[in-house]
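Undergrad: Just to be clear, the model below is a prediction. Sequence and coordinates:
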Amino acid sequence: MPVETVLETWRARRDFAKRFTAERVFPYREGEYAPFPSWVPERLVRVLDQGGISSLYSHQRKAVDRIHEGKRGDRDPRGLGQDPLY
């Protein structure tokens, strides 16, 4: 289901629409990608590629590199509590 359809449905329902405090539309921005680290097993890279995942988002790459180095994962810099690996 297209996201526009979901939003229109939510807006039409008074009981649901009142739960929103703001609505913002952000301009399109191309994702920033990074290759898989060399330490990721080739078999895993192949399986991910077969599933349509040929690279990581740049923030995911930074997070897995930090974890691989034995450092804690970063918190979401926006303060939204979202896992940086998402």
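TA: Noted; the coordinates are in hand. None of these values were measured; they are calculated from a predicted model.

Undergrad: so where do the strands sit in this protein?
TA: Under the criterion DSSP state E, the chain carries strands at the ranges 33-34, 56-57.

Undergrad: In the protein, where is pLDDT below threshold?
TA: Counting by pLDDT under 70, the chain contains low-confidence ranges at 72-86.

Undergrad: between the strands of the chain, which one is nearest to Thr5?
TA: strand 56-57 (26.0 Å; CB to CB). All C-beta spots, glycine's among them, are computed from the backbone N, C-alpha and C.

Undergrad: residues in contact with the closest one?
TA: Residues from elsewhere that reach strand 56-57 (CB atoms under 8 Å, 6 or more residues apart in numbering): 31-36, 64.

Undergrad: That strand pairs with which strands?
TA: strand 33-34 (antiparallel) (DSSP bridges).

Undergrad: Contacts for the strand it pairs with next, please.
TA: 55-58, 60-62.

Undergrad: mind redoing it with 7 Å?
TA: 55-58, 61 (CB atoms under 7 Å, 6 or more residues apart in numbering).

Undergrad: Save the strands of the chain as CSV, and put in distance to Glu23 and mean neighbour count too.
TA: Formatted as CSV, these follow (distance: least, CB to CB, whole Å; neighbours: other CB atoms under 10 Å):
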stretch, distance to Glu23, mean neighbour count
strand 33-34, 29, 14
strand 56-57, 25, 18
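
Undergrad: Please enumerate the helices of the protein.
TA: Along the chain, counting by DSSP state H, helices occupy 3-12, 14-17, 42-50, 58-68.

Undergrad: which one of these is the most hemmed in?
TA: When the helices of the chain are scored by mean count of other CB atoms under 10 Å, the highest mean neighbour count falls to helix 58-68 (a mean of 16).

Undergrad: hang on, the earlier thing: mind picking the two most distant members of the contacts of strand 33-34?
TA: Longest span within these, CB to CB: Ser55 and Ser58, 9.3 Å.

Undergrad: measure stretch 16-33 end to end?
TA: Using CA to CA, to the nearest Å, the end-to-end distance of stretch 16-33 comes to 36 Å.
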